[in-house]
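Student: next one to model:
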Amino acid sequence: MYIFSLRTINKIDFCCYMKKQPIKFNTIFVSNMIFRSKAPLRIGLAGGGTDVSPYSDLYGGAILNTTISLSAYASIELLDEKKIIIEALDRNEQQVFDNLDLLPIDGTLNLLKGVYNRVKNEYSFPSTGFRLSTFVDAPAGSGLGTSSTLVVAILGAFVEMLRLPLGDYDIAHLAYDIERNDLALAGGKQDQYAATFGGVNYMEFYENDKVIVNPLRIRPQYMHELENNLVLYFTATSRESATIIKEQVKNVNSKNEKSIEAMHQLKEQARMMKEALLKGKLSEFGEILDFGFQQKRKMANNISNSLIEEIYESAKKAGATGGKISGAGGGGFMIFYCPGNTNYAVKEALLKFGGEVKNYTFTHEGLRSWTI
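Tutor: Numbering: from 1, shown residues only. Predicted coordinates:
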């Protein structure tokens with residue numbers, strides 16, 4: 001049992017009960033306190049799709065990704081009334097609840113509700129109202145891991161608020177479990193770990209949800225050159241990744257040899273790209289991307305389409321040596337490797353398709369939380 005008041009700034013002790021043992025800590029709860037967090041979106045460079053079960057359980061998966069200067073944000077503001085307000089500012093969606101019970105998973109703001117429900121179920125939660133607000137720098141379904149990154153950011157705000165003793169692996173796995181099990185959303189494992197850890201990582205995926213994150217120490221000049229040459233392009237379309245992922249899962253379960261072999265090749269692509277980056281062999285980068293693009297189309301239908309194919313060919317004609325669809329495919333963002341000074345010509349060629357070239361930088365930090 002704990003005691004607290006929104007109208008005092010005296011320190012009080014309360015327990016955060018984990019599954020096995022209580023964790024005691026001091027905190028201050030004051031009306032209008034705000035707990036904030038941000039987590040970076042990611043670009044998947046190689047191995048995409050091999051982090052999805054059952055492939056990763058049966059064969060082991062490998063992915064190379066890097067976080068970028070686009071983020072998901074979450075803020076929790078304490079209220080002096082027993083009310084929950086949840087809102088996605090970028091989508092102009094809001095719901096208000098007049099009690100602190102578990103929230104209904106009804107298709108509206110499910111990610112926000114799912115995180116709150118899980119935290120309230122597993123940890124001691126103060127009986128105070130709050131406003132949970134979120135914002136993401138890229139639209140849902142764009143292929144940069146927006147949904148999973150948002151879950152990590154929301155979780156980070158609750159961790160900051162309740163001072164939960166969770167490490168990076170704990171947060172990433174909990175975010176994955178909320179999405180895949182509590183909310184039954186199809187997808188892989190890389191996004192939650194990329195958002196939590198940040199930076200350039202070679203990730204390995206095994207059965208029983210085992211994930212190993214290997215941060216890569218790449219020379220700064222290699223990363224500067226990669227950042228200069230890698231064009232990020234939004235096709236101005238989004239897609240429902242779950243449909244593509246479900247077909248990918250079906251192909252593995254039915255032992256579709258073409259699809260499974262493509263995933264094997266994508267896993268090898270991740271290893272090839274890791275070696276090229278570490279050794280500074282950026283001249284091979286575009287070819288490795290192109291190899292992956294050819295393989296990814298074999299994993300499931302609708303990963304590519306006529307628009308994506310036309311965009312891809314136009315970029316190559318303008319000087320790109322390779323590229324890929326970000327995320328599950330079907331739309332969203334694409335990336336192109338443009339050596340020398342060809343990025344200018346490639347950007348010009350892409351503009352005719354009505355999308356947007358997105359400026360970005362690589363980032364080294366993952367999830368960050370703070371209190372104001």
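
Student: domain map for this structure?
Tutor: For the chain, the structural domains run 12-216, 220-357, going by automatic domain parsing.

Student: now do the same contact list for the spatially closest residue to Ala300 that is not a sequence neighbour.
Tutor: Spatially, and ignoring its direct neighbours in sequence, Ala300 is nearest to Glu247 (4.1 Å; C-beta to C-beta, 6 or more residues apart in numbering). Glycine gets a C-beta too; all of them are placed from N, C-alpha and C. Applying C-beta atoms under 8 Å, 6 or more residues apart in numbering to Glu247 gives the contacts Ala300, Asn301, Asn302.

Student: hmm, back to that, save the domains of the chain as JSON lines, and put in distance to Thr363 and mean pLDDT too.
Tutor: Shown next, in JSON lines, are those (distance: least, C-beta to C-beta, whole Å; pLDDT from 0 to 100):
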{"stretch": "domain 12-216", "distance to Thr363": "5", "mean pLDDT": "90"}
{"stretch": "domain 220-357", "distance to Thr363": "11", "mean pLDDT": "90"}
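
Student: just so I know, which of the ones you listed lies nearest His364?
Tutor: His364 sits nearest to domain 12-216 of all these, at 4.8 Å, using C-beta to C-beta.

Student: from Leu109, how far off is Asp177?
Tutor: Separation of Asp177 from Leu109 (C-beta to C-beta, to the nearest Å) stands at 19 Å.

Student: again, but for Leu144
Tutor: Taking C-beta to C-beta, one finds Leu144 at 20 Å from Leu109.

Student: and His364, how many neighbours?
Tutor: 12 (other C-beta atoms under 10 Å).

Student: hmm, I was thinking of Glu310
Tutor: Glu310 - counted by other C-beta under 10 Å - has 12 other residues nearby.

Student: ramachandran angles for it?
Tutor: Main-chain dihedrals, Glu310, degrees, to the nearest 10: phi -70, psi -40.

Student: I figured it hits Gly354, correct?
Tutor: No: contact between Glu310 and Gly354 fails when scored by C-beta atoms under 8 Å: they sit 11.9 Å apart.

Student: of the domains of the chain, which is nearest Leu367?
Tutor: Going by C-beta to C-beta, the one of these nearest Leu367 is domain 12-216, 4.6 Å.

Student: let's see if you can find the most crowded of the contacts of Glu247.
Tutor: Neighbour-wise, the contacts of Glu247 (other C-beta under 10 Å) top out at Ala300, 23 neighbours.

Student: now the strands for the protein?
Tutor: Taking DSSP state E as the criterion, the chain carries its strands at 12-17, 22-27, 34-46, 61-78, 84-88, 93-97, 130-136, 200-205, 211-215, 230-234, 322-325, 333-337, 356-357, 368-371.

Student: how much space between Gly331 and Gly355?
Tutor: Gly331 is 10 Å from Gly355, by C-beta to C-beta.

Student: for Tyr233, which residues are in contact?
Tutor: Ile311, Ala315, Phe333, Met334, Ile335, Phe336, Leu350, Gly355, Glu356, Val357, Lys358.

Student: now the last one: closest residue in space, sequence neighbours ignored.
Tutor: Just to be clear, that refers to Lys358. Closest to Lys358 by C-beta to C-beta, 6+ apart is Leu232, at 4.6 Å.
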